[in-house]
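Peer 1: next come a sequence and a model predicted from it.
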Amino acid sequence: MNQYLAGFISAIVLTTSFFLFIGAKKRSIDNLTVQNITIVDGKGKVVGKIGNDKFKSYLWLKSSKSKNADIEFSSKKNGGFLKLRNSLGEDVVSMEVDKKGGGAIILGGRGGITSLKLESVNNEGGRMTCFNLRGSETVYMGTNKINGGQIKTYNGLGLETVFLGTDQNDAGLLSVNNNAGLFRAMVGVDRGDKGLLNSANR
């Protein structure tokens, strides 16, 4: 009797081992449903997460030496964003959707100061803005309210120095200011379609 029982148990063990061996060879998963996935390094330190929190889905990754996420994706109620950060945890590349449903790309430098911003402005088209190391606007290039193009430059004090673009009559206009932002010269076209040159000595 004991021999039959031992043989029966041995058969079960061998059969189970066979199916486990066959199953171990399958490396793919056809369907996986989870709420959160946590990624750790060789020492068990958390270096990434994929998941969902209330109305937001997210994915972030970082190196073992970083305090903050180096790469972060998120999908929120009003749209999504992508952020890339340097070793200090400062945003250097950001792609996002604003509250009005437009898109924006923001590039930053050391210190987290925005250097360049590309965006689509609601009902006004697109624009590009450059900033100096103090965060002040230095160059603006974009579409004006009448769908024409314009470029503006600013000095270190934030005062407009040059305007080049399309005026309210859809004609070209160049305006130059001094270092205090006061008008000094202008080249344009008058309403009679004649060239216009104007300057101020003071």
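Peer 2: Yep, it's here. Residues are numbered from 1 along each chain as shown.
Peer 1: show me where the chain has helices.
Peer 2: Taking DSSP state H as the criterion, the chain carries its helices at 2-24.
Peer 1: low-confidence ranges in it?
Peer 2: Confidence mapping of the chain against pLDDT under 70 gives the ranges 1-27, 122-123, 202.
Peer 1: in this structure Ala69 contacts Arg85, no?
Peer 2: Yes. Taking contacts as CB atoms under 8 Å, Ala69 lies within contact range of Arg85: 6.7 Å. Placement of C-beta: from N, CA and C, glycine included.
Peer 1: apart from its neighbours in sequence, what residue is nearest the most centrally placed residue in the chain?
Peer 2: For the chain, Met95 is the residue whose C-alpha lies nearest the centre (CA atoms, centre = their mean; 1.6 Å). Sequence neighbours aside, Leu82 is the residue nearest to Met95 in space, at 4.5 Å (criterion: CB to CB, 6 or more residues apart in numbering).
Peer 1: who does that neighbour form a beta bridge with?
Peer 2: Counting by DSSP bridges, Leu82 is bridged to Phe73, Met95.
Peer 1: how about the contacts made by it?
Peer 2: Contact partners of Leu82, counting by CB atoms under 8 Å, 6 or more residues apart in numbering, are Ile71, Glu72, Phe73, Val93, Ser94, Met95, Glu96.
Peer 1: for these, which ChimeraX command selects only the ones that are buried?
Peer 2: Here is the ChimeraX selection string for the buried members of the contacts of Leu82, based on 16 or more other CB atoms under 10 Å:
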select :72,73,94,96
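Peer 1: my guess is Ala104 meets Gly79, correct?
Peer 2: No. Counting by CB under 8 Å, Ala104 sits too far from Gly79 to count as a contact (10.3 Å).
Peer 1: what sits in contact with each of those two?
Peer 2: Glu96, Val97, Asp98.
Peer 1: contacting residues for the residue nearest to the last one when sequence neighbours are not counted?
Peer 2: Ranked by CB to CB, 6+ apart and with sequence neighbours excluded, the top spatial neighbour of Asp98 is Ala104, at 5.8 Å. If a contact means CB under 8 Å, 6+ apart, then Ala104 has Ser94, Met95, Glu96, Val97, Asp98, Lys117, Leu118, Glu119, Ser120 as its contacts.
Peer 1: which of those residues lies closest to Lys43?
Peer 2: Distance to Lys43 across the contacts of Ala104 (CB to CB) is lowest for Ser94, with 30.3 Å.
Peer 1: check contacts around that closest one.
Peer 2: Phe81, Leu82, Lys83, Leu84, Ala104, Ile105, Ile106, Leu107, Gly108.
Peer 1: and Gly158, by the same measure?
Peer 2: Applying CB under 8 Å, 6+ apart, we find Gly158 in contact with Ser136, Glu137.
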